[in-house]
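here's my sequence, what's the structure:
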Amino acid sequence: MHYVSNSFPINFKKIDMVKYTRILLLFLFPVFMTAQSVVDIVIDSDEHNTLEEAVIAADLAGTLSEPGPFTLFAPTDAAFAALPAGTVAALLDDIPALRDILLYHALSGEVKSSDLSDGMLATTINGKDVTVILNTNGVFINNARVTMADIQASNGVVHVIDAVLLPPTNTVVDVIANSPDHNSLEAAVLAADLAETLSGEGPFTLFAPTDAAFEALPAGTVDALMADIPALTEILLYHAISGTVLSTDLSDGMMATTINGKDIEVNINVDGFFINDAKITFADIVTDNGVVHVIDAVLLPPRTTVVDVVVNSPDHSILEAAVLAADLDGTLSGDGPFTLFAPTDAAFAALPAGTVDALLADIPELTDILLYHAISGTVLSSDLSDGMMATTINGEDVTVTINTDGVFINSAQVTMADIITDNGVVHVIDAVLLPSGSSSVTDQNFADFRLYPNPATDHIQLEMDKINDVDNNVTLFNMKGELVNRWNNISNGSKIPIDQINAGSYFLRFENSSLTFVKKVLIH
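Numbering: from 1, shown residues only. Below you'll find the model as predicted:
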């Protein structure tokens, strides 16, 4: 069948009916063309295949087909191709980011080219503004040139552009940089090289002290921090939390761990919201990578020293008393770093009777013994090796022994290692280290007293030279200083049964009216 119109024959067997329908609509019913939505215009364009794919992937085809009206800035395939390699694929895999970018190309309302003016700002559907620039080179939306304007749609208008519009990001760092009240914080963030980190994806919650907050610090503090970048970095990271924490998420007494690893505490009372002692004066400045809360004081992270570890330990009361008596708490709370071998209360209890009292009455010797437990520098357990010698602060060496039973400093076993502090590290040990010059501790010739086997399984045999077989008593204590067993009237060569005693580490004390010996025993 043939139909002839204006001498042009149309063979319905050779033409696609859809194309024919469009031809009819184009030439016979042009008014129907306005029935196309902004989405239809994109779909029917040969130069907007990538935009079409993106709109469909982001599930925006339905939205942009609604009555609107909308103004759509439509980047061409060439515009998408000009993006860095892999960008389009990455966006198609990140639908929230893709939607954000696409909605930055759309305005609510119909804005034709005749409505545009140089410097005009227009808020896109994603909430951020685009800037119109008119000059001799043409019409630009941000940096994208309008190459075809005013394509009328049934629900708005489409303007073709030659570049993809990328919405500006507003990070927690941008809030600081754009604030007239945070110049000191901005300078500190830049000095600590944290601007890039805090401009990342995050999200971050930043507590931002004002310039007045920095000025309230003791004179010279800010200059000192700017000259000490590690300390500055630690303080700044104490103002940041990983994650977005709005004011509505805060509760009284809440603890939150900052990026520097230490906690801050939230206090809520009739006077307001406080982070530690700093009041939140402006809350919930939401950004693309988190939220900023303005505070009126600089947060200073609590400092934990090797002394703090001793003071806060329930097992080191005697060591704490000794450090205070020797006036070493100030020294060991300094910058250091220090490595402290910390004997427990049980270790002190295992010393001969009266030893601790004698030491507390002899401060020079007490100081000498305590400094024999400290090394200058941070020595972690991973730094130790069998046979290693380390010089203590008192000038004498300790010897490291590593075997199947554990790690030993001289004859004291490390029972807990690597308690990291801000000025070093603490290793807990189960015996007091005695330097060669100690006199307050009973220092008999240990060659006169032999104990074997050690480690032992079912018995321990004692051999004592130059010791009378009269009123010799043996006691066994566990690492907590608790009495485990006692044997009276022990003579030379006696075998002490231990087969009923649990495996572990113990202190064996031999004593009579004139002397005392203490040795560590391992029972398997």
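
low-confidence ranges in this protein?
When the per-residue scores of the chain are filtered using pLDDT under 70, the ranges that remain are 1-34, 436-449, 465-470, 479-482, 513-518.

domain parsing of it, as residue ranges.
For the chain, the domain assignment from automatic domain parsing gives the residue ranges 23-161, 172-295, 306-429, 446-523.

with adjacent residues omitted, what lies nearest to V42?
The shortest distance from V42 to any non-neighbouring residue, by Cβ to Cβ, 6 or more residues apart in numbering, is to H48 (4.7 Å). Where C-beta positions appear, they are placed from N, C-alpha and C, glycine not excepted.

dump the residue contacts of that neighbour.
V42, A74, P75, T76, D77, V160 (Cβ atoms under 8 Å, 6 or more residues apart in numbering).

how about 7 Å then?
Applying Cβ atoms under 7 Å, 6 or more residues apart in numbering, we find H48 in contact with V42, A74, T76, D77.

okay, those residues in TSV with neighbour count, distance to D386 and secondary structure next?
Formatted as TSV, the entries for the contacts of H48 read as follows, by neighbours: other Cβ atoms under 10 Å; distance: Cβ to Cβ, whole Å; DSSP: H, G, I helix; E, B strand; the rest coil:
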residue	neighbour count	distance to D386	secondary structure
V42	25	73	helix
A74	24	72	strand
T76	22	71	coil
D77	16	68	helix
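
okay if I get those residues as JSON lines plus distance to S494?
Written out in JSON lines, the entries for the contacts of H48 read as follows (distance: Cβ to Cβ, whole Å):
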{"residue": "V42", "distance to S494": "99"}
{"residue": "A74", "distance to S494": "99"}
{"residue": "T76", "distance to S494": "99"}
{"residue": "D77", "distance to S494": "97"}
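
so what's the gap between the host helix or strand of T71 and the chain middle?
Element membership of T71 [criterion: DSSP states H and E] is strand 70-75. Taking Cα atoms, centre = their mean, to the nearest Å, the mean C-alpha location of strand 70-75 is offset from the chain mean by 42 Å.

partners of it in the sheet?
When pairing is defined by DSSP bridges, strand 70-75 lines up against strand 106-108 (antiparallel), strand 156-161 (parallel).

need the winner for burial among these.
The highest mean neighbour count among those belongs to strand 156-161 (a mean of 24), with neighbours defined as mean count of other Cβ atoms under 10 Å.

after it, which helix or strand is next?
Following strand 156-161 in sequence order, the next helix or strand is helix 172-177 (DSSP H and E).

what does that next one rub up against?
So helix 172-177 is in contact with 182, 185-186, 189, 195, 198-199, 204, 206, 208, 285, 287, 289-290, 292, going by Cβ under 7 Å, 6+ apart.

just the ones of those residues in strands?
Using DSSP state E to define strands, the subset of the contacts of helix 172-177 located there is F204, L206, A208, I285, T287, G290, V292.

surely the fourth one is in contact with I295?
No - because the distance of 12.0 Å does not satisfy Cβ atoms under 7 Å, I285 is recorded as not touching I295.

before we move on, the earlier item: among the ones in strands among the contacts of helix 172-177, name the buried ones.
In those, burial by neighbour count holds for F204, L206, A208, I285, T287, G290, V292, counting by 16 or more other Cβ atoms under 10 Å.

adding distance to L103, write the residues you listed out as CSV.
Formatted as CSV, those follow (distance: Cβ to Cβ, whole Å):
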residue, distance to L103
F204, 24
L206, 26
A208, 29
I285, 22
T287, 18
G290, 21
V292, 24
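
among these, which one sits closest to Q152?
Comparing those against Q152 with Cβ to Cβ picks out T287 as the nearest, at 37.8 Å.

dig out what that closest one forms beta bridges with.
Residues found in beta-bridge contact with T287 (criterion: DSSP bridges) are G290.

cool, and Q461?
Under DSSP bridges, the beta-bridge partners of Q461 are Y452, K495.

picking up where we left off before, quick one: which of the domains of the chain is nearest P435?
Judged by Cβ to Cβ, the one of these that comes nearest to P435 is domain 306-429, at 4.3 Å.

rewinding a little: figure out which of the strands paired with strand 70-75 is closest to L359.
Comparison of the strands paired with strand 70-75 against L359 by Cβ to Cβ identifies strand 106-108 as nearest, at 80.3 Å.

let's verify the spatially most central residue of the chain: helix, strand, or coil?
Computing the C-alpha centroid of the chain and ranking residues by Cα atoms, centre = their mean puts I259 first, at 3.6 Å. With DSSP: H, G, I helix; E, B strand; the rest coil as the basis, I259 sits in coil.

other SSEs contacting the helix or strand harbouring F507?
Remark: F507 resides in strand 504-511, with elements defined by DSSP H and E. Using 3 or more Cβ pairs under 7 Å, 6 or more residues apart in numbering; DSSP states H and E as the contact criterion, the elements in contact with strand 504-511 are strand 473-478, strand 516-523.

with mean neighbour count and distance to D383 as extra columns, can I get those strands in TSV?
Shown next, in TSV, are the helices and strands packed on strand 504-511 (neighbours: other Cβ atoms under 10 Å; distance: least, Cβ to Cβ, whole Å):
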stretch	mean neighbour count	distance to D383
strand 473-478	18	30
strand 516-523	19	24
